[in-house]
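[1] how would this look folded up:
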Amino acid sequence: MTGERPLSVIVAGGGTAGHIEPALAVADALRRIDPTIRVTALGTQRGLETRLVPERGYPLELIPPVPLPRKPTMDLVKLPGRVRASVTRAREIIDAVEADVVFGVGGYVALPAYLAAGRGVLRRRRAVPVVVHEANAMAGIANKVGARIAARVLAAVPNSGVAARGRADAEVVGIPVRGSISALDRAALRAQARAEFGLPAEGPVLLVFGGSQGARTLNEGVSGAARQLTAAGISVLHAHGPKNTLTLDGIEESDAVADTAKYRALPYLSRMDLAYAAADAVVCRSGAMTVAEVSAVGLPAFYVPLPHGNGEQELNARPVVAAGGGRIVVDAELTPEYVIDEVIPLLMDSDRLTAMGRAAANAGHRDAADEVARIVLEVAGR
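    Numbers count the residues shown, from 1 in each chain. Model prediction:
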């Protein structure tokens, strides 16, 4: 950076992996562009960031959490004071690290950072430009507020509402994903990945996961068709969640049925890159990060949105499904019969699998982290 001090960037996104991972993916991309860039992560002591951020080698600064009450309770009365304390602390961190730009991905960590980046009522403080990224199909409160003051507003999918109230300039860039996913060569890792999980080198593999805690519907629907899957020569790699167990349909987890097919049931998967490399198709939920990763690596998917909430998970999957890279399955319809009638035929049709995988990859945004990093640098004036 020829004579200039190293760029200082704050990334704000904590609480859940869905907020933390995109922020850290952009941090990694910034470091790839220029290793001297100083990245500081904001978080709270309650979130996963206390573990994930240090593991990735970034300093973490904590601010008081400000969860937004959903009901009129005493927490609502205390909200203004909590916001003030959190914004004050965020401003202290911005000044201490001499931040040149704030990159936020929403949530209760990002909102205080957005507010702290402003110049203040008396305009005596230095304003810090803000870049907002919305990963979900429906924008949250924090990003709707941040979008009103942001220099650039980014979104994972069109029409997320992040640029509401007078702003219609959200740029669709996808969701930044970690380098181990964005650079994944599934074909090159296939043999290693299958050996890692004890899966056969040949034959189709179905990957099943429902997030860090698993999902009962996915567990019951797929495991209920275990015998039919393995009898068809389809192996299964199933992450059922650490608090759950599977009752397989008449077979032992370690049995080899039809000579080659195996059903591997694990509490969780610590190497998702290898899991993706081993698989030919996926049954999963459709959280924003899940859709981003599965489409980025070019895997056909049966997306099963959560049956409750505001319908956001279905909206996350729609662009990939519309492109031909997956299907949306209503939670109540993901039964053993559905797996037998729909999932097995797809896994047995290599041409359809290839076409759907190509469509998924084309709908994904594999280079989103690098693109967002470039935008952050532009906003910082570097």
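[2] buried set for stretch 150-164?
    A150, A151, R152, V153, L154, A155, A156, V157, S160, G161, V162, A163 (16 or more other Cβ atoms under 10 Å). Placement of C-beta: from N, CA and C, glycine included.
[3] so what pLDDT did the fifth one get?
    On the pLDDT scale, L154 is placed at 95.
[4] leaving out sequence neighbours, find the closest residue to it.
    In space, and not counting its chain neighbours, L154 is closest to H133: 4.4 Å by Cβ to Cβ, 6 or more residues apart in numbering.
[5] quick one: secondary structure of the spatially most central residue of the chain?
    Centroid check for the chain by Cα atoms, centre = their mean gives M289 as the closest residue, at 2.0 Å. Secondary structure, DSSP: H, G, I helix; E, B strand; the rest coil: M289 is helix.
[6] hang on, it packs against I20?
    No: the pair M289 / I20 is not scored as a contact, 9.6 Å apart, by Cβ atoms under 8 Å.
[7] on that earlier part again, restricting to C-alpha, output the helix or strand the residue nearest to L154 falls within in CSV.
    According to DSSP states H and E, H133 maps onto strand 130-134. What follows is strand 130-134 as a C-alpha-only set of coordinates in CSV (Å, rounded to 0.1, in the frame of the first residue of the first chain):
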residue,chain,number,x,y,z
VAL,A,130,-20.4,1.1,6.1
VAL,A,131,-20.9,-1.8,3.8
VAL,A,132,-24.0,-3.9,4.5
HIS,A,133,-24.6,-7.5,3.3
GLU,A,134,-27.9,-9.3,3.7
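[8] so where's the stretch 201-350 of the chain shaky on pLDDT?
    Applying pLDDT under 70 to the stretch 201-350 of the chain picks out residues 212-214, 249-259.
[9] and the helices in it?
    For the stretch 201-350 of the chain, the helices defined by DSSP state H, counting those that start in this stretch occupy 216-223, 226-231, 272-278, 288-296, 312-322, 336-338, 344-347, 350-363.
[10] same question for the stretch 51-200 of the chain.
    Counting by DSSP H, counting those that start in this stretch, the helices of the stretch 51-200 of the chain are 74-96, 110-116, 141-147, 179-182, 186-196.
[11] so for the closest residue to T88 other than its chain neighbours, what's the pLDDT?
    Of all residues not flanking T88 in the chain, A116 sits nearest, at 7.7 Å (Cβ to Cβ, 6+ apart). A116 carries a pLDDT score of 93 in this model.
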